[in-house]
Structure formats: structure tokens, C-alpha cells
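Colleague: the sequence and its predicted three-dimensional model are supplied below.
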Amino acid sequence: MSKIRFIMIGGFLGAGKTTTLSKLASFYKSKGFQIGMVTNDQANDLVDTQFLRSSGFSVEEVPGACFCCRFDELIDRVHQFKASQQPMVILAEPVGSCTDLVATVVQPIRDLYREKFSVAPYPVLFKPSHGLKILRKQSSGFSAKAAYIFRKQLEEADTIVINRIDEVEQTTLEELHALLEREFPKIPILELSAKLGNGIPRLAEFLDQEGVFGQKILDIDYDIYAEGEAELGWLNTAVSIKSNSPFSLDQIVLQTVEGLRQVLLNSGGEVAHLKVIGMHQSSYAVANWISNDLPAELSWASHDNVDEAELIVNARMAIDPVVLEQEVQSCLRRLSLIYRLTPIFRQSQSLRPGRPTPTHRYAQPKLI
Ligand SMILES: Nc1nc2c(ncn2[C@@H]2O[C@H](COP(=O)(O)OP(=O)(O)O)[C@@H](O)[C@H]2O)c(=O)[nH]1
Ligand SMILES: [Mg+2]
């Protein structure tokens, strides 16, 4: 039996991993490959899982902690794809605040599951909005410890993929190449617009390679890593909304993100990623906000009017998670009054990520 290709796409919160996963999946599907995806989060109710499932993909989820700390669950999830739909390619998205993935995920899979999987080179997406400031050594809005995680993510990459090139000016792109080449001289750089799909065939070509990849074991200080992660407030909230008259699903989803952006900009914290999905039957809409410098945007439109919907809010921001939860709830109540909606809060989890304690950690790469 041929091995399953395991492809993990890394990158900071809001870098474009989910968008890239969905574009890569369509690319592989068009070549006749059966695809399975595995998503990952610190909590339940993950927008990405719902978005990818709504887009028609077969998705399993590892909630509660990152892949490195839930390694056995990651493997279990892969086995859960129905035998009849056993994927030939697995696309996996780790938590965007997670690093040291080569030592804790790539190497253990290559070693312990060598009969079942062949592991692709490990790409890490570069998020220009925060990355440019971090590489320039300017304030990114995050602390030095969070910036440490951002850098460590890039350091273990087999390729650094500059995403969002559709909106990066040529001079900035040239500066980014120069900064990345100076700080990570041996790592090849690719360019991508995951949104438009430009660069997907080139990325797939890179991922197809066999050879000495997934070998960069980090020299990393877990105290700094844990403290950097714990600076982020994490919130997943699920709420049902109903109305007596139809409302635009796109408008509500975008207004939820925009309303939160306006309030949270005054909190003094930096957003890493805030996203909302609204779903009703086969309709779904998604809006995102990924940097204090950027607007909220509707990234997937339903073009539909509905009289009820399930909303999921995922927020990762450098503020107290309790404050984050209060702001999200009061924003949803305010919107409900304006749009005459009845909200029913289903579930909410707010937290600061705990210290990562990986199931496995390979201190030396195994050359297999
Ligand atoms: N302009 C632009 N936006 C993008 C691109 N890739 C992703 N995005 C947007 O960036 C936001 C975060 O993307 P997402 O894939 O959810 O990031 P993740 O947190 O890394 O999974 C969404 O609003 C996407 O539409 C891109 O290439 N260009
Ligand atoms: Mg994602």
C-alpha cells in the first residue's frame, strides 16, 4: 500500500494557513487525490473546521491543545477518516501560536509512523502585517516573547512562504526578501497569494520533493515560548441568532467583526486573529480581522438572507481573555438590538494557552 502524504502548513495566527489549506486541497483534488484535513485549536468550536467542512472538505479536529501536546490524537484523527475515503494526502493546520513542530510532530511521525506516512517538507507562511515590523525590529504590537515565537516558527521552516503578495508593494516585497535572507540565510523563500491562488502550484511542487527536509530542530527556550503564548487571550464563543424577518448573513458576520474591531482597538492590545463564521443550512459567511493596522474583511460571502444562524467567534488577541469574552458578548448583544435579533449564547471558552508539554520531542533529527 502506498504511504499517505502528510503535509503540515505552519505560520502565525492569521498568516493564511486555512486559506492555503483550502486552495491546496482543491489543487490536489483536481489532480485526482483524495484529501483529508486535520485542524487544531486550544479549545472547541473552531471557525476553521466549520469553514473547511462547509466548503465540502473532509475534516477532523484536534481540540484542547496543540498537535505537539496531542500527538496521539492527531494520529487517531487521521485514522478516523472512513476506510472508503482513506485520503492519499492529509493537510494539517497547527495552532498559529505553536512552534517547535519539527521536533515534536514532524520527526515523531517520520520515525514512529514511517510505514504509514511520508512527510512533506514543512512550509511556514509569513504574515507581512506583523512580520515586517518584527524583522525590522520595530514594535509589532506584541511583546518580545510573542515575537520570539514568530521568529522560531520561521527558523524551523523548510521554506518561508511570503503570503498576501497581492497586497504587498514591490518595494516592501524586496525589503522582506532582504530581511528574511539576512536572518534566515539558508531557507528558500516562496511567494504566495493564498486568496487568489497565485503560487499554489509552485508551493505544491515544493511540497512534492523528497529529501532532507523536516530536520531543523530548534534551540528553543520553552519558558519564553510559554510566556509568549500565555500573553494571548483566547476565546471561542458559539451563539445562535434568530429574527422575525430575514437578515443578511454577510452583513451580520462582517458587522460582528467590525463592531469588535472598533471596541477592541481601544483596549490597548494587539489582535493576532479574530474571525467569525455564520452558518445556516448550506449558507455560510466568514469575516476576519488580523492586525490592528488592517480593516475587518468579509473573506467568504454567502449572498444569502436568513432568519436564523449559528455564529462562532474565535478571537486571539493580546488582552485579558475575560475582558475579551465580555467585549464579545456585549458586542453581540448590541448588534442584536440594532438588527432585532434574539441571541442565545450556547457555549464560550476563554483562556490563556497553557505551557506546551509535547508528547514527544526529538532533540536530534533522525535522518530517514
Ligand atoms: N489579501 C489577502 N488576504 C489573505 C490571503 N490569504 C489569506 N488572507 C486572509 O487573511 C485572513 C486570515 O486567513 P486564514 O487563512 O484564516 O489564516 P490562518 O489563521 O493562518 O489560518 C482571512 O481574512 C483571509 O481571507 C492572501 O493571500 N491575500
Ligand atoms: Mg486557520
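Modeller: Nice, thanks for sending it over. Numbering: from 1, shown residues only. Ligands and ions are numbered 1, 2, ... in the order given.
Colleague: around ligand 1, which positions in this protein sit nearby?
Modeller: Residues of the chain that fall close to ligand 1, judged by Cβ under 6 Å from any ligand atom: 11, 13-19, 96, 163-164, 166-167, 193-195, 273, 288, 290, 297, 299. C-betas here are computed from N, CA, C, even on glycine.
Colleague: okay, and which of those residues map to strands?
Modeller: 11, 273, 288, 297, 299 (DSSP state E).
Colleague: ok, the last one to residue 158 distance?
Modeller: The spacing between residue 299 and residue 158, counted by Cβ to Cβ, to the nearest Å, is 27 Å.
Colleague: of the two, who's got more company?
Modeller: residue 158 (23 against 19; other Cβ atoms under 10 Å).
Colleague: circling back: need the buried ones from the ones in strands among the residues of the chain next to ligand 1 selected in ChimeraX.
Modeller: Entered in ChimeraX, the line below selects the buried ones among these, by 16 or more other Cβ atoms under 10 Å:
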select :11,273,288,299
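Colleague: got any ranges where this structure has weak pLDDT?
Modeller: 1, 83-84, 367-368 (pLDDT under 70).
Colleague: hmm, try it at 50
Modeller: Within the chain, no range satisfies pLDDT under 50.
Colleague: nearest to ligand 2: which residue in it?
Modeller: Nearest residue of the chain to ligand 2 (Cβ to the ion) works out as residue 18 at 3.4 Å.
Colleague: so what does the closest residue to residue 193 other than its chain neighbours look like in phi/psi?
Modeller: Excluding the flanking residues, the one nearest residue 193 by Cβ to Cβ, 6 or more residues apart in numbering is residue 166, at 4.1 Å. With angles defined as degrees, to the nearest 10, residue 166 sits at phi -60, psi -20.
Colleague: give the burial count for residue 166, as a bare number.
Modeller: Neighbours around residue 166, by other Cβ under 10 Å: 12.
Colleague: from what I can see it touches residue 195, true?
Modeller: Yes - at 6.2 Å, residue 166 counts as touching residue 195 under the criterion of Cβ atoms under 8 Å.
Colleague: give me the common contacts of the two.
Modeller: Common contacts of residue 166 and residue 195 (Cβ atoms under 8 Å, 6 or more residues apart in numbering): none found.
Colleague: list the contacts of the residue nearest to residue 193.
Modeller: 193, 195-196, 198.
Colleague: which of these lies closest to residue 246?
Modeller: residue 195 (29.1 Å; Cβ to Cβ).
Colleague: burial measure for that closest one, as a count.
Modeller: What residue 195 shows, counting by other Cβ under 10 Å, is a neighbour count of 17.
Colleague: how about residue 333?
Modeller: Residue 333 has 13 nearby residues by other Cβ under 10 Å.
Colleague: any idea which element it lies in?
Modeller: helix 321-339 (DSSP states H and E).
Colleague: do the same with residue 150
Modeller: Going by DSSP H and E, residue 150 is part of helix 144-155.
Colleague: tell me which residue of this protein is furthest from the middle?
Modeller: In terms of distance from the mean C-alpha position of the chain, residue 244 ranks first, at 35.3 Å (Cα atoms, centre = their mean).
Colleague: could you point out the longest strand of the protein?
Modeller: Per DSSP E, the chain has its longest strand at strand 233-248.
Colleague: that one pairs with which strands, parallel or anti?
Modeller: strand 305-317 (antiparallel), strand 342-351 (antiparallel) (DSSP bridges).
Colleague: want to throw the ones you listed into TSV with mean neighbour count?
Modeller: Shown next, in TSV, are the strands paired with strand 233-248 (neighbours: other Cβ atoms under 10 Å):
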stretch	mean neighbour count
strand 305-317	21
strand 342-351	14
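Colleague: count the neighbours of residue 127 for me.
Modeller: Neighbours of residue 127 using other Cβ under 10 Å come to 25.
Colleague: how about the nearest residue to it, chain neighbours excluded?
Modeller: residue 15 (3.9 Å).
Colleague: contacting residues for that neighbour?
Modeller: 96, 125-127, 163.
Colleague: mind putting those residues into CSV with distance to residue 330?
Modeller: Formatted as CSV, those follow (distance: Cβ to Cβ, whole Å):
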residue, distance to residue 330
96, 26
125, 33
126, 35
127, 29
163, 33
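Colleague: residue 87 is in contact with residue 35, isn't it?
Modeller: Yes - counting by Cβ under 8 Å, residue 35 is a contact partner of residue 87 at 5.5 Å.
Colleague: before we move on, back to that, what's the helix holding residue 150 packed up against?
Modeller: strand 123-126, helix 128-135, helix 170-183, helix 222-230 (3 or more Cβ pairs under 8 Å, 6 or more residues apart in numbering; DSSP states H and E).
Colleague: each with direction, which strands does the first one pair with?
Modeller: The one in question is strand 123-126. strand 10-11 (parallel), strand 159-162 (parallel).
Colleague: spit out the contact partners of the closest residue to residue 115 other than its chain neighbours.
Modeller: Nearest non-adjacent residue to residue 115, counting by Cβ to Cβ, 6+ apart: residue 3, 7.5 Å away. Contacts for residue 3 were tallied using Cβ under 8 Å, 6+ apart; they are 115-118.
Colleague: pull out the buried members of those residues.
Modeller: Applying 16+ other Cβ under 10 Å to these flags residue 117 as buried.
Colleague: pull up the overlap in contacts between residue 87 and residue 35.
Modeller: residue 58.
Colleague: higher neighbour count, the two?
Modeller: The neighbour count for residue 87 versus residue 35, taken as other Cβ under 10 Å, is higher for residue 35 (23 against 20).
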